[in-house]
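Enquirer: okay, predicted coordinates and the sequence, questions at the end:
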Amino acid sequence: MTEKTASKYLLNLEKHFAADSPVLLKAAKVFQELDQIEYDLGLIEMDETTASKNSWWPIISLIGGNSTAKSRFINNYLAADNLFSGIQTSSHKFTVLLHNNQSNPTTLPGTALDVDHRFPFYQISRKIEQRQEGEGERINSYLELKTLNSDRLKSKLFIDAPNISAAPANPITSLLAKHTLENSDLVLVFTDIFDSTSPLVDEIIESIILHQDSNKFVYLIDRPATMLSSTTNSEIISSWQRKLAGLGLNTGQFIVLSSQEGGVIPQSPADFAAIDQRIANVGYDRTYRILNSVEKNIREITGVVMPEVKKAIVQWKDRSAFSSLIVLGFIATVAIFAEIQTGILEFLIDPIIGPAIILTLLVIMTPLHIIFSRLQAKLIINQLNARQKELHLMENLAGIFEKNLTFTRMMLPISEPVGWNKKTKLRLTQLSNKVKELVQLLNDSFSTYDGQSFPGHSDSADFK
């Protein structure tokens, strides 16, 4: 077994989390062990890591409707100059907002997100291309990256979705909206999205229903300051709770914001206190998401990857055997006609000539069967490559399949993939148990027993 070196990406993660997040540091070690298993199986290359499947940034997304509530909130909350005009209701792109120490904001194309595995839209162009041919090349029409010198952006990523009510109803926008919701640790949903109906709004509601058990949704209700008081706030929240319950949205926090129509307000207004408190905990949400991603990767190996490969091996062997049987059938047919014409059966039962004929047949059929196996393997490899793209897997299904193209496995009826044995399954089970222990360790940072707090940990990470 060749020892896999840790990928540069994973080493970079360990460097960031070594000092201030012990749980994520240990999670990085689990990823490294998982990478070793996948490397041994032939699923990933030396410098690849399964840790790149998910962004390790704490991710906060913002979803809004036709009003200017969302754009005003972003400008005010991030203390952005109104000249930072990419944040506005007319934007049709998904905008990732990133902290930068430079005084002037910068706008980068969507390709910056597509090629960098640290961001949540890594290789999204492949999914776009599969959804609609030709659109993968137009990634810059759908995504952009903006940098801004805002303290509230430090150690976090904000994703500003285009206004859903006015966004064009097409498969790509739908794909990106669902991807954003799935990969976010916190979603700020402005209730003006529910003031109108459209196919995309309906899809967003369905996505929220699917993920509302994750406690990641906060509903922001924008109202003029003159209409707000402690009494009216409760009434407004109750009204929206009833309305959303009618849509199937039964969980989530509600916060009433006073409309701020003019200029940039102070960075820490009382209106934002509840939001600040919720965002302060987003690092923990990120940690749970990363731990869940390890468990998901393990389940994918046992429940998706290996069944696909095993199915391919069975199909490959059936096709190869069928090809060989056709040749044997042809030889048998010729032998029958020869028996009718000349009577060669007596040669087959001859103690000397019979074994020689059988040996000759084996000498002919063995290389033929190998040739058939290799030809069929090429077809199966093409199928596995297509299947890998269809399932959006980073694991190389063809890679592990090719490890089965040995003489022994071509000749013997072995359907289990190379390396997929009790030892490997036990290693995966042990990794799964380690993940459960890390979840318990994270839970302990919020728990008490007999009046004593369990040791906590800081879960913030300053990506620069």
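Expert: Done, it's in. Note that the structure is a prediction, hence the values are computed from the model and not measured. Numbering: from 1, shown residues only.

Enquirer: how about the residue nearest to residue 199 when sequence neighbours are not counted, what does it touch?
Expert: Distance criterion CB to CB, 6 or more residues apart in numbering; nearest residue to residue 199, sequence neighbours excluded, is residue 169 at 4.9 Å. Backbone N, C-alpha and C define where each C-beta goes, glycine included. The contact partners of residue 169, by CB atoms under 8 Å, 6 or more residues apart in numbering, come to 198, 199, 200.

Enquirer: quick check, residue 37 in a helix?
Expert: Yes: remark: residue 37 belongs to a helix, assigned using DSSP: H, G, I helix; E, B strand; the rest coil.

Enquirer: give me the pLDDT for it.
Expert: Listed pLDDT for residue 37 reads 95.

Enquirer: same question for residue 452.
Expert: So residue 452 comes in at 51 (pLDDT).

Enquirer: likewise residue 92?
Expert: Residue 92 is assigned a predicted lDDT (pLDDT) of 80.

Enquirer: mind checking what secondary structure it has?
Expert: When classified by three-state DSSP, residue 92 comes out as coil.

Enquirer: what's the burial count for it?
Expert: Neighbour count for residue 92, taken as other CB atoms under 10 Å: 12.

Enquirer: is it in contact with residue 161, as I believe?
Expert: No: if you go by CB atoms under 8 Å, residue 92 and residue 161 don't touch, sitting 10.3 Å apart.

Enquirer: can I get the buried part of the contacts of residue 169 as one PyMOL selection?
Expert: Those of the contacts of residue 169 that count as buried under 16 or more other CB atoms under 10 Å are selected in PyMOL with:
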select buried, resi 198+200
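
Enquirer: quick check: of the contacts of residue 169, which lies closest to residue 246?
Expert: residue 198 (17.8 Å; CB to CB).

Enquirer: the closest one: what's it in contact with?
Expert: Per CB under 8 Å, 6+ apart, neighbours of residue 198: 164, 165, 169.

Enquirer: now it: phi and psi?
Expert: Main-chain torsions, residue 198, degrees, to the nearest 10: phi -160, psi 160.

Enquirer: tell me if residue 47 really is in a helix.
Expert: No: counting by three-state DSSP, one finds residue 47 to be coil, located in no helix.

Enquirer: can you tell me the closest non-neighbouring residue to it?
Expert: That would be residue 7: by CB to CB, 6+ apart, it lies 5.0 Å from residue 47.

Enquirer: residues near the one you found, how many?
Expert: Count around residue 7 with other CB under 10 Å applied: 22.

Enquirer: can you give me the distance of it to residue 34?
Expert: Noted for residue 7: a distance of 12 Å to residue 34, by CB to CB, to the nearest Å.

Enquirer: what's the helix or strand for residue 222?
Expert: strand 217-223 (DSSP states H and E).

Enquirer: buried residues in the strand or helix carrying residue 377?
Expert: Using DSSP H and E, residue 377 maps to helix 353-390. Neighbour-count burial for helix 353-390 flags 369, 370, 372, 373, 376, 377, 380, 381, 383, 384, 387, 388 (criterion: 16+ other CB under 10 Å).

Enquirer: could you pull out the strands for the stretch 101-250 of the chain?
Expert: All strands of the stretch 101-250 of the chain, identified by DSSP state E, counting those that start in this stretch, fall at 106-109, 143-148, 157-160, 186-190, 217-223.

Enquirer: and of those strands, who's closest to residue 437?
Expert: strand 186-190 (25.8 Å).

Enquirer: run through the neighbouring helices and strands of the helix holding residue 377.
Expert: Identification of packing neighbours for helix 353-390 by 3 or more CB pairs under 8 Å, 6 or more residues apart in numbering; DSSP states H and E yields helix 124-131, helix 306-341, helix 345-348, helix 397-402, helix 407-411.

Enquirer: between that helix and helix 124-131, how many degrees?
Expert: Orientation of helix 353-390 against helix 124-131 (axes from the mean of the first three to the mean of the last three CA atoms, to 10 degrees) gives an angle of 110 degrees.

Enquirer: from the chain's centre, how far out does helix 353-390 sit?
Expert: In terms of CA atoms, centre = their mean, to the nearest Å, the centre of helix 353-390 is set 37 Å apart from its chain centre.

Enquirer: where in the stretch 301-450 of the chain is pLDDT low?
Expert: 334-354, 356-357, 447-450 (pLDDT under 70).

Enquirer: and the closest residue to residue 393 other than its chain neighbours, what does it touch?
Expert: Leaving aside its sequence neighbours, residue 393 sits nearest to residue 305 (CB to CB, 6+ apart; 6.8 Å). Contacts for residue 305 (CB under 8 Å, 6+ apart) come out as 43, 393, 395, 397, 400.

Enquirer: switch to 10 Å and redo it
Expert: Residues in contact with residue 305, defined by CB atoms under 10 Å, 6 or more residues apart in numbering, are 38, 41, 43, 297, 299, 388, 391, 393, 395-397, 400, 417, 420.

Enquirer: if I look at the residue nearest to residue 199, how far off is residue 415?
Expert: 46 Å.

Enquirer: just send the buried residues of helix 353-390 back as CSV, with distance to residue 429 too.
Expert: Listed next are the buried residues of helix 353-390 as CSV, based on distance: CB to CB, whole Å:
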residue, distance to residue 429
369, 37
370, 37
372, 38
373, 33
376, 34
377, 31
380, 29
381, 30
383, 30
384, 26
387, 26
388, 25
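
Enquirer: out of those, who's nearest residue 134?
Expert: residue 388 (21.2 Å).

Enquirer: the closest residue to the closest one other than its chain neighbours and residue 47, how far apart?
Expert: Spatial nearest neighbour of residue 388, chain neighbours left out: residue 397 (4.8 Å); criterion: CB to CB, 6+ apart. Look at residue 397 and residue 47: by CB to CB, they are 19 Å apart.
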